[in-house]
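1. the following comprises the amino acid sequence and a computationally predicted model.
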Amino acid sequence: MSISHSVPRAPGLRSALSMAISGLLLSNAWAESPVFQPLPEQVVTASRLPQPVSEVLANVTVIGRDAIERAAGTSVADVLRGVQGFEMVRNGGPATTTSLFLRGAEKRHVLVLIDGVPFESQTTSGGAGWEALPLALVDRIEVLRGPASAMYGSSAVAGVVQIFTKQGAGKPQASVGMGLGTQDLAQADVALSGHWGAVDAAFGAAGSTLLGPSSRLNAVIGSRAADRDGQRDASANLNLGWRVMPGHRLSVGWLQNHSNSQYDASTSSKNDDRVLRDLTQGNLGWQAQWAGGLRSQVSIGQTTDRYQTTPSQALNETSTRTASALVEQRLGAHTVRAVVDHRRETFFNLTALAPAQKGVWPAREDLGVSLGHEWRAGQWGTDLAVRQDDDSEFGRHHTGHVGARYQLAPGWQLTGSWGTAFKAPTLYQRFSYYSTPGLQPESSRTTELSLKHDRNGVQAAVTAYDTRIDHLTDFVSRPAASGCLRASVDGCYMDLGQAHLKGVELMASAPWLGVRWQGSVDLGVPKRVSTDALLDRRARQRATLRAESDVMGWQWGVQAQAQSYRMDAGNRLAGYTVWSADLSRALDAEWKLVARLDNLTDRRYELARNYSVTPRAVFVGIRFTPSL
């Protein structure tokens, strides 16, 4: 594939790709993301239990607290936008509808977990409501790329994103942060955490306000659509733990977020259009370490996502209840694992449910059983997992995963994997006026091959993947739509056949001239097979480049993100390159200064047709962490 295939109409992308590739060749190394940092000793998402990084075969990225603090003034989606494989689409400001595509797959093909509990809407096409996640309360993010239905069940077609809120650990610590920025941005947060004997606790609260530009690029002058669109949100969380005996811990967690954001329902709207969103999540768990290498985990959780627009009467609410039990036994070089999951999802819509569902909340239940085996011995390692899901609507669905690793030489390893996954249609797709009778679950199969290097502070990787998705479901407008449940609607969700997602990822990170250089290049072809056309809002090429260093106590970073052209409902969105910079300094043991400059060149571009993006923005914040 030629990098210049679609570059001529993507101003700035050629130079960004050239810089990123130059960094790759210069360092012969890779970075997990533009927010690169060394992986912690253990990760959770690859196996659902803490696991040493050295034993992980999967493609995992970890975003730590330091990187999250550098992103102050932005959002969870903005942080993930810079991670290898992700593309972002947003209908205006940070609180408007946001989608993240991983390796060209749909938003709903990424399973999102908050402290182990699924967060997924059953509204329209589904997927997580990224705009509802409060960045200030996030402690760490783990990204698993590749199919994971054999471990997690439905939705994990392209990967898993797990968001961890802060837990109580170490000595008691308090933190207060506040900041101001352009677009009338104001943010504040407070946190308290620590452990007291056998009890640990963490509490956090945050709030922000913003008054940005109109979300519409072509708003009619004089209408409400042409005025500035603002937002405000407030969030809080609490995590408690009790070590009832050595190796045994009971935990309970709670998270709440409320946002009120303005948007423009049309280019000539005369109303004060708003979205009111409430996210509530709770979990209860028991983690145990037994004698003889036996570990277990039992948990229950619930997530409620409520989405309402005013003055229009759209109201959607998704409630997800989960229960799971996991047992793992380590026997020398072998580890065996068994998981049982139960999930119940219910959905309410005020206006769009079909007559048969009036007064009834459509519901779906799924019971999944997974068995896994890992083997690690010297230069070799293998993973194997199989799972059966019994869906109350669609019956049994089987998925599997097999992976292998071979260490070619010190610091060099070759990994390969093959896996299947599935995604059931959302309850909105099944039971609203916009349904098509007979919709089936989407199913996929993925092959991946990767060569990695990690030695002496230099990391490098090249990964090739190939995914085929059957029964791809999307909304089709009339007159192309056919077979809709209700003849009078303007379109409906239909089975579009097969999608083919294939690509190559290059990543690098290495020190040079006292600066840490990180670059990534994604070359992908996400297509619908029957038409050979690119999937909407996906780019063939993406690139990132970041340089960061420490000069006289000041930590600075500069990064560029670039994309080639994308198609949006038959319209071509031009490629773009955007630059940003961040700066931080510990003023003393208790005070820290953070500053950001986003869209440094004030670039005008589109993530979604006719919707604006954030212009040049400055944020300055201060954090106080007193000794207790």
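-> Happy to help now that I have it. Small disclaimer: the values here were computed from a predicted structure and weren't measured.
2. export stretch 360-377 to PDB, keeping only CA atoms.
-> Presented in PDB, the C-alpha positions along stretch 360-377 are these (Å, rounded to 0.1, in the frame of the first residue of the first chain):
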ATOM      1  CA  VAL A 360     -42.700  -2.800  28.200                       C
ATOM      2  CA  TRP A 361     -39.000  -2.400  28.700                       C
ATOM      3  CA  PRO A 362     -37.300  -4.700  26.000                       C
ATOM      4  CA  ALA A 363     -34.800  -7.000  27.800                       C
ATOM      5  CA  ARG A 364     -32.100  -9.500  26.900                       C
ATOM      6  CA  GLU A 365     -30.200 -12.000  29.000                       C
ATOM      7  CA  ASP A 366     -27.000 -13.800  28.300                       C
ATOM      8  CA  LEU A 367     -25.200 -16.600  30.200                       C
ATOM      9  CA  GLY A 368     -21.600 -17.100  29.200                       C
ATOM     10  CA  VAL A 369     -19.100 -19.800  30.200                       C
ATOM     11  CA  SER A 370     -15.500 -19.500  29.300                       C
ATOM     12  CA  LEU A 371     -12.500 -21.800  29.700                       C
ATOM     13  CA  GLY A 372      -8.900 -20.700  29.100                       C
ATOM     14  CA  HIS A 373      -5.400 -22.100  29.200                       C
ATOM     15  CA  GLU A 374      -2.000 -20.400  29.200                       C
ATOM     16  CA  TRP A 375       1.400 -22.000  28.900                       C
ATOM     17  CA  ARG A 376       4.700 -20.300  29.400                       C
ATOM     18  CA  ALA A 377       8.100 -22.100  29.100                       C
END
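3. ramachandran coordinates for the spatially most distant residue from the centre of the chain?
-> Relative to the C-alpha centroid of the chain, counting by C-alpha atoms, centre = their mean, G222 is the outermost residue, at 37.6 Å. Here is the backbone geometry of G222 (degrees, to the nearest 10): phi 100, psi -10.
4. what residues are bridge-paired with Q231?
-> L210, S261 (DSSP bridges).
5. ok, it - contacts?
-> Residues near Q231 by C-beta atoms under 8 Å, 6 or more residues apart in numbering: G93, P94, A95, S208, T209, L210, G212, S259, N260, S261, Q262. Heads up, the C-betas are built off the backbone N, CA and C, glycines and all.
6. for stretch 396-416, buried residues please.
-> Under the neighbour-count criterion of 16 or more other C-beta atoms under 10 Å, stretch 396-416 has H397, T399, G400, H401, G403, A404, R405, Q413, T415, G416 buried.
7. and that stretch, what's its mean pLDDT?
-> Mean pLDDT, stretch 396-416: 97.
8. show me the residue at the heart of this structure, geometrically.
-> Using C-alpha atoms, centre = their mean, the most central residue of the chain is V161, at 4.9 Å.
9. so how far is V138 from that one?
-> Here V161 is placed at a distance of 11 Å from V138 (C-beta to C-beta, to the nearest Å).
10. again with V160
-> V160 is 16 Å from V138, by C-beta to C-beta.
11. what segments of the stretch 201-350 of the chain are strands?
-> Counting by DSSP state E, counting those that start in this stretch, the stretch 201-350 of the chain has strands at residues 229-245, 248-262, 274-289, 294-310, 315-331, 334-349.
12. who has more neighbours out of V160 and V138?
-> Higher neighbour count among V160 and V138: V160, with 27 against 21, using other C-beta atoms under 10 Å.
13. run through the bridge partners of the residue nearest to that one when sequence neighbours are not counted.
-> In space, and not counting its chain neighbours, V160 is closest to L144: 4.3 Å by C-beta to C-beta, 6 or more residues apart in numbering. Judged by DSSP bridges, the bridge partners of L144 are V60, V160.
14. so where is the stretch 301-450 of the chain shaky, pLDDT-wise?
-> For the stretch 301-450 of the chain, the stretches with pLDDT under 70 are 355-359.
15. try 50
-> By pLDDT under 50, the stretch 301-450 of the chain contains no weakly predicted segment.
16. and for the stretch 151-300 of the chain?
-> Using pLDDT under 50, nothing in the stretch 151-300 of the chain is flagged.
17. report the buried residues of stretch 259-266.
-> For stretch 259-266, the buried set under the neighbour-count rule, 16+ other C-beta under 10 Å, comprises S259, N260, S261, Q262, Y263, D264, A265.
18. end-to-end on that stretch?
-> 21 Å (C-alpha to C-alpha, to the nearest Å).
19. so how far is that stretch off the chain centroid?
-> 23 Å (C-alpha atoms, centre = their mean, to the nearest Å).
20. about what we covered before: got a pLDDT number for the residue nearest to V160?
-> Looking at L144, the pLDDT reads 97.
21. now do L133
-> On the pLDDT scale, L133 gets 95.
22. go on, the one 3 residues further on?
-> Model confidence at A136, expressed as pLDDT, equals 95.
23. then S4?
-> pLDDT at S4 comes out at 35.
24. same check, this time on A499
-> 98.
25. pull up the gap between it and D66, please.
-> For A499 relative to D66 (C-beta to C-beta), the value is 37 Å.
26. E142 too?
-> In terms of C-beta to C-beta, E142 sits 15 Å off from D66.
27. which one's more surrounded, the two?
-> Applying other C-beta under 10 Å to E142 and D66 shows that E142 carries more neighbours, namely 20 against 11.
28. beyond the host helix or strand of the more buried one, next helix or strand please.
-> Using DSSP states H and E, E142 sits in strand 138-145. Downstream of strand 138-145, the first helix or strand assigned by DSSP H and E is helix 149-152.
29. so how far is that next one off the chain centroid?
-> With C-alpha atoms, centre = their mean, you get 17 Å for helix 149-152.
30. packing partners of that helix?
-> Contacting helix 149-152 under the criterion 3 or more C-beta pairs under 8 Å, 6 or more residues apart in numbering; DSSP states H and E are the following elements: strand 363-377, strand 380-391, strand 395-409, strand 412-423.
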